[in-house]
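Participant: need the 3D shape of this:
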Amino acid sequence: LKGENKAYREQLEKSESQYRTITENIAEGVFTVDQYENFTYTNQVFCNMIGHSSNNILNKNLRDVSTPDSFKIIQKQTQRRKIGSTDRYIIEMIDKTKKTVHVELACSPVFDNETTYQGSITVVRDVTQVIELRKIYQKFLDQKTSPSKDVTPICASCKDIRLKKGTWIPVEEHFTDTLFSHGICPACCKKLYPDFDLSELDTDKSVH
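Facilitator: Residues are numbered from 1 along each chain as shown. Predicted structure coming up:
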């Protein structure tokens, strides 16, 4: 019996050593919590993610590093862990400087030999940059779909500008701070003056 216990302890220590080696060398954060959401383990990546030392985090609860709304989500998710569910979801955590960090959690339950819920193991990925880019893109879409507040009515034919009083003025008179030089583009020249070769002007340096 002593020999079996010794072999079991050695195997347990070996498994724990392998587990820590893996979690300390992956790119994602990893932490474990007990059934009350108290931290029981964290790797260095997660420590860097929220700016706390490992010793500091191990004295905290998930409530201490999450926004109130996010902790409510965690509590609901814990009920799913207790029935054996594994889920992935996004919450907001608060780092040491009180800055919001958006993280994606992939949580799996941990049970003892009697199928009693002991806590969970979680892989953490920082998605703050992704969330911020989504906000910028959504803001762009909102601006794109909203009507412009600066609309200038212009005639589709002669290009005169309509004023608020209902009168029309040449476009050159509307933009008083802009100096216009009149010319003709190749497409219009071909349409209006088909017999005129505009390319001949390119050889005449006196024409501007």
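Participant: biggest strand in the protein by residues?
Facilitator: Taking DSSP state E as the criterion, the chain has its longest strand at strand 100-111.
Participant: and the next helix or strand after it, what does it pack onto?
Facilitator: On the C-terminal side of strand 100-111, the nearest following helix or strand under DSSP states H and E is strand 117-126. Counting contacts by 3 or more Cβ pairs under 8 Å, 6 or more residues apart in numbering; DSSP states H and E, strand 117-126 packs against strand 29-34, helix 44-50, helix 68-82, strand 100-111. For the C-beta atoms, the positions are set from N, CA and C on the backbone; glycine is no exception.
Participant: among these, which comes closest to E132?
Facilitator: Ranking those by their distance to E132 (criterion: Cβ to Cβ) puts strand 100-111 first, at 8.1 Å.
Participant: partners of that closest one, with directions?
Facilitator: Sheet pairing of strand 100-111 (DSSP bridges) gives strand 87-94 (antiparallel), strand 117-126 (antiparallel).
Participant: just give the closest residue to I50, not the sequence neighbours.
Facilitator: Spatial nearest neighbour of I50, excluding adjacent residues (Cβ to Cβ, 6 or more residues apart in numbering): D95 at 4.4 Å.
Participant: sorry, that was for Y89
Facilitator: Distances taken as Cβ to Cβ, 6+ apart place L105 nearest to Y89, at 6.0 Å, with adjacent residues excluded.
Participant: could you check the pLDDT of the one you found?
Facilitator: Residue-level confidence at L105 comes out at 96, pLDDT.
Participant: ok, now I90?
Facilitator: pLDDT, I90: 95.
Participant: what's the answer for S17, then?
Facilitator: S17 is given a pLDDT of 62.
Participant: would you mind finding the most buried of the strands paired with strand 100-111?
Facilitator: Among the strands paired with strand 100-111, ranked by average contacts under mean count of other Cβ atoms under 10 Å, first place goes to strand 117-126 (a mean of 20).
Participant: so what touches that one?
Facilitator: With Cβ atoms under 8 Å, 6 or more residues apart in numbering as the test, strand 117-126 has contacts from 28-35, 40, 45-46, 49, 78, 81-82, 101-112.
Participant: the residue nearest to Y89: what's it in contact with?
Facilitator: Going by Cβ under 8 Å, 6+ apart, L105 touches 88-91, 122-124.
Participant: for I136, state which of these is nearest.
Facilitator: I90 (17.4 Å).
Participant: surely the closest one and H102 touch.
Facilitator: Yes: I90 is within contact range of H102, at 6.4 Å (criterion: Cβ atoms under 8 Å).
Participant: okay, and for this protein, where does confidence drop off?
Facilitator: Residue ranges of the chain with pLDDT under 70: 6-25, 144-150, 180, 182, 198-208.
Participant: distance of the residue lying closest to S66 once chain neighbours are set aside from L1?
Facilitator: Distances taken as Cβ to Cβ, 6+ apart place M93 nearest to S66, at 5.4 Å, with adjacent residues excluded. M93 is 47 Å from L1, where distance means Cβ to Cβ, to the nearest Å.
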